[in-house]
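1. predicted coordinates and the sequence they were generated for:
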Amino acid sequence: MFYQVEPLFPGLTRIWDVARTAMYLVEGKDKAVLIDTGVGVGNLKELVDSLTDKPVTVLLTHGHVDHALGAIGFDDVRMSPLDGEIYQMHSVFEVRKDYVVSSAMYGGNPALVVSISDSDYLQPRAAEDFAPLAPGDRFDLGGVSVEVLRGQGHTPGALTMLIPEWRILLLGDACNHFTFLFDQWASPVPAYKEMLLQLKAETEGRYDRVILSHGNGEAPVEMIDSVIEVCDEILAGKADNLPFENPLGSGLIAKAMDFQRFCRADGGAGNVVYDPKKLG
Ligand SMILES: [Zn+2]
């Protein structure tokens, strides 16, 4: 079985894919929303059909390889058109396979990864198959709703989502304990900080739980404030600035990490990996 199902409470289910990326199934009385679809190894549609009998709308937080590739079989899939180009590049088979193989080294399950054959990868869909999704969109599921909010920076079309009835904010990859903000599509730090200030104003007092797409899926409630502080330290020239390299490019890690526990060495909540050439 390529997916792990983690029921959080009636109506909210976290699903982990082979590369340990989290998706969320939100169910109301009438409808359901699936937030993200993972890297697309194993039949996700079949799994979701076994979990809910409600009509499912799929909302993609952004177009990255680990979030948007399991969408085949679903009738109604939505993503920001601003991430179309990234999505197409990340749909390439080799990019997906490299991601899955490297995930085994970073918290994934090596035995599971070795068991995957090429035919287990779902067919990617064309970006044109996706309906547009944008901040301000709202999905009423019957007794519970999903509000789509801004989140751009990590990618141009990145989105965050609020479930106001349950006071839960999904920050996904948009703002987390190791926010990637260094590849060619990422925002400069000042524009990213401005986005966070606006997101903070829109969500203040409306949530008391933050969920993510990586790590253990949970984050301290002060995550937005913490990442705003990190941006301020970067812009003031006071960050730790440790080098970071990966296949997407290279950047600077703003705050020193304890990589054994994959958290900030000083115990702070949020962190940013940024491109020092994009500070203005
Ligand atoms: Zn991402």
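-> Received, thanks. Numbers count the residues shown, from 1 in each chain.

2. switch to C-alpha atoms for all contacts and neighbour counts from now on
-> Will do.

3. please name the nearest non-neighbouring residue to residue 7.
-> Distances taken as Cα to Cα, 6 or more residues apart in numbering place residue 13 nearest to residue 7, at 4.3 Å, with adjacent residues excluded.

4. helix or strand for that neighbour, which one?
-> In this structure, residue 13 sits in strand 12-16 according to DSSP states H and E.

5. quick one: distance of that strand to the chain centre.
-> How far strand 12-16 lies from its chain's middle: 13 Å, per Cα atoms, centre = their mean, to the nearest Å.

6. start the count at 401, not 1, going forward
-> Will do, 401 is the new start, and the previous item becomes strand 412-416.

7. what packs against that strand?
-> Counting contacts by 3 or more Cα pairs under 8 Å, 6 or more residues apart in numbering; DSSP states H and E, strand 412-416 packs against strand 404-409, strand 422-427.

8. got TSV for those, with mean neighbour count and mean pLDDT too?
-> Converted to TSV, the helices and strands packed on strand 412-416 look like this (neighbours: other Cα atoms under 10 Å; pLDDT from 0 to 100):
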stretch	mean neighbour count	mean pLDDT
strand 404-409	12	98
strand 422-427	25	98
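
9. can you pull the phi/psi pair for residue 531?
-> Torsion angles at residue 531 (phi, psi; degrees, to the nearest 10) stand at phi -80, psi 150.

10. is it true that it touches residue 475?
-> No. If you go by Cα atoms under 8 Å, residue 531 and residue 475 don't touch, sitting 10.3 Å apart.

11. in this protein, which helix or strand is least confident?
-> Least confident helix or strand, the chain: helix 510-514 with a mean of 89, by mean pLDDT, DSSP states H and E.

12. quick one: strands adjacent to the helix or strand following that one?
-> Next helix or strand after helix 510-514 toward the C-terminus (DSSP H and E): strand 531-532. Next to strand 531-532 in the sheet, as set by DSSP bridges, lie strand 476-479 (parallel).

13. off-centre distance for the partner strand?
-> Here strand 476-479 is found 15 Å from its chain centre; the criterion is Cα atoms, centre = their mean.
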